[in-house]
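A.B. asks: I would like the atomic coordinates for the input below:
(one chain, ligands or ions: 1)
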Amino acid sequence: MTATLLDGKQIAEQIRSELTGEVAAFVDRCGIRPTLAAILVGDFAASEVYVRNKERACQRAGLDSRVHRLGSQTREEELLQLIEQLNQNPAVHGILVQLPLPGHIREARVLDAIDPRKDVDAFHPENVGLIAQGRPRYLPCTPHGISQLLARTGIKTRGKHAVIVGRSDIVGKPMALMLMNRDSTVGADGANATVTVCHTQTADLPAVTRSADLLIAAIGRPKFITADMVKPGAVVVDVGINRTESGLVGDVDFEAVKSIAGFLTPVPGGVGPLTVAMLLVNTLEAARRQAGRTD
Ligand code: GUN
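C.D. replies: Residues are numbered from 1 along each chain as shown. As a prediction, this is how the structure comes out:
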């Protein structure tokens, strides 16, 4: 058996094309152009690429984007001041601080400072709490993209055993909450899973992952998920983007798992493009909410 590839690039294109129309209609109706402010601190090469991709995607969809580039020596207080200015600026609807931050800046302090109504990453504790309670304001872009990818491919999660490898605040934890909730933005069939979250301390990890109908790998270790860890026919979603000497590699051993899984996302061209598309969706949603429009 060879897995059907889940083409994230194509689905992201579809979402972006729908969104471009919605943005144009919103601008016509309200005279407001949804605007994202992205903050990049320091000189992480990968972050620079991500922020540039996000900026370009905004422009293509008709959103405004402003990138604030700060040096690696920037003090935490300076960053907090910039966030406060953006919080107060009515022309800015979404604020994103690209992670990771340099070591001397406390990430929690910075994320807590973003106005939760402008927090298009959904990293603020208020937004995380709302997700946990099953009444999300925004969804974090990567898990949001994964739920779109599954729903638009016709893959239901209701009643399935979803195993998530990785407990990060950006992917693992929110994905677990979303999958275990009673409902989702793609309907009840895209929620209601039985969820197991695995991490570095999990005993007999392969036995757990082999019981997964849906396996989501978000650990940041190249080719960590091997063929013996996958149930035949399982849906395997690879969130990893690892830069190695042989190029970009996911968290899944693609060549080996391809002959076991039923569905598999490639790297690149799987989850990555969806993350960017969902940031645009969240930014339009933020502008709608701030304009008091839900139409
Ligand atoms: N770094 C890695 N992924 C993300 C993300 O989704 N948002 C932000 N702000 N930083 C990241």
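A.B. asks: hmm, who's touching the one helix or strand residue 19 maps to?
C.D. replies: Element membership for residue 19 (DSSP states H and E) is helix 8-30. For helix 8-30, contacts defined as C-beta atoms under 8 Å, 6 or more residues apart in numbering pick out 32-34, 57, 60-63, 145, 148-149, 152-153, 265-266, 269-274, 276-278, 280-281, 284, 287-288, 291, 293, 295. No exception for glycine: its C-beta is placed from N, CA and C like everyone else's.
A.B. asks: how about stretch 29-36, does it get close to the ligand?
C.D. replies: No. With C-beta under 6 Å from any ligand atom as the criterion, the ligand is not reached by stretch 29-36; the gap is at least 11.1 Å.
A.B. asks: heads up, I number from 626, so please use that
C.D. replies: Noted, 626 is the first residue going forward, which turns the last one into stretch 654-661.
A.B. asks: okay, how far is it across that stretch, tip to tip?
C.D. replies: For stretch 654-661, the first-to-last residue distance is 19 Å (C-alpha to C-alpha, to the nearest Å).
A.B. asks: buried residues, that stretch. List them.
C.D. replies: Across stretch 654-661, burial judged by 16 or more other C-beta atoms under 10 Å covers 657, 659, 660, 661.
A.B. asks: isn't the third one right up against residue 715?
C.D. replies: No. Counting by C-beta atoms under 8 Å, no contact exists between residue 660 and residue 715, whose distance comes to 9.9 Å.
A.B. asks: so what's the residue count around residue 824?
C.D. replies: 13 (other C-beta atoms under 10 Å).
A.B. asks: dump the residue contacts of it.
C.D. replies: 790, 791, 792, 797.
A.B. asks: among those residues, who's most crowded?
C.D. replies: residue 790 leads those on contacts (other C-beta under 10 Å) with 28 neighbours.
A.B. asks: per-residue confidence for that one?
C.D. replies: Residue 790 is assigned a predicted lDDT (pLDDT) of 98.
A.B. asks: thought it was touching residue 876?
C.D. replies: Yes. Assessed by C-beta under 8 Å, residue 790 is found in contact with residue 876 at 7.5 Å.
A.B. asks: please parse the chain into its domains.
C.D. replies: With automatic domain parsing as the criterion, the domains of the chain are listed as 657-740, 765-897.
A.B. asks: just name the most buried of these.
C.D. replies: domain 765-897 (a mean of 20; mean count of other C-beta atoms under 10 Å).
A.B. asks: can you give me the end-to-end span of that one?
C.D. replies: From start residue to end residue, domain 765-897 stretches across 13 Å - C-alpha to C-alpha.
A.B. asks: name whatever forms a beta bridge with the nearest residue to residue 703 once chain neighbours are set aside.
C.D. replies: The shortest distance from residue 703 to any non-neighbouring residue, by C-beta to C-beta, 6 or more residues apart in numbering, is to residue 695 (7.2 Å). Under DSSP bridges, the beta-bridge partners of residue 695 are residue 666.
A.B. asks: who's in contact with residue 695?
C.D. replies: Contacts here follow C-beta under 8 Å, 6+ apart; on that basis residue 695 touches 664, 665, 666, 667, 703, 704, 707.
A.B. asks: tell me who's in contact with the fourth one.
C.D. replies: Put plainly, it is residue 667. Residue 667 neighbours (C-beta under 8 Å, 6+ apart): 695, 696, 697, 699, 726, 727.
A.B. asks: so which of the residues you listed comes closest to the ligand?
C.D. replies: residue 726 (9.4 Å; C-beta to the nearest ligand atom).
A.B. asks: didn't that closest one look like it was pressed against residue 732?
C.D. replies: Yes. Contact status for residue 726 versus residue 732: in contact at 5.5 Å, counting by C-beta under 8 Å.
A.B. asks: quick check: chain neighbours aside, which residue is closest to whichever residue of the chain sits closest to the ligand?
C.D. replies: Here the chain gets closest to the ligand at one residue, residue 724, 3.7 Å apart by C-beta to the nearest ligand atom. Leaving out its chain neighbours, the residue that sits closest to residue 724 by C-beta to C-beta, 6+ apart is residue 732, at 6.8 Å.
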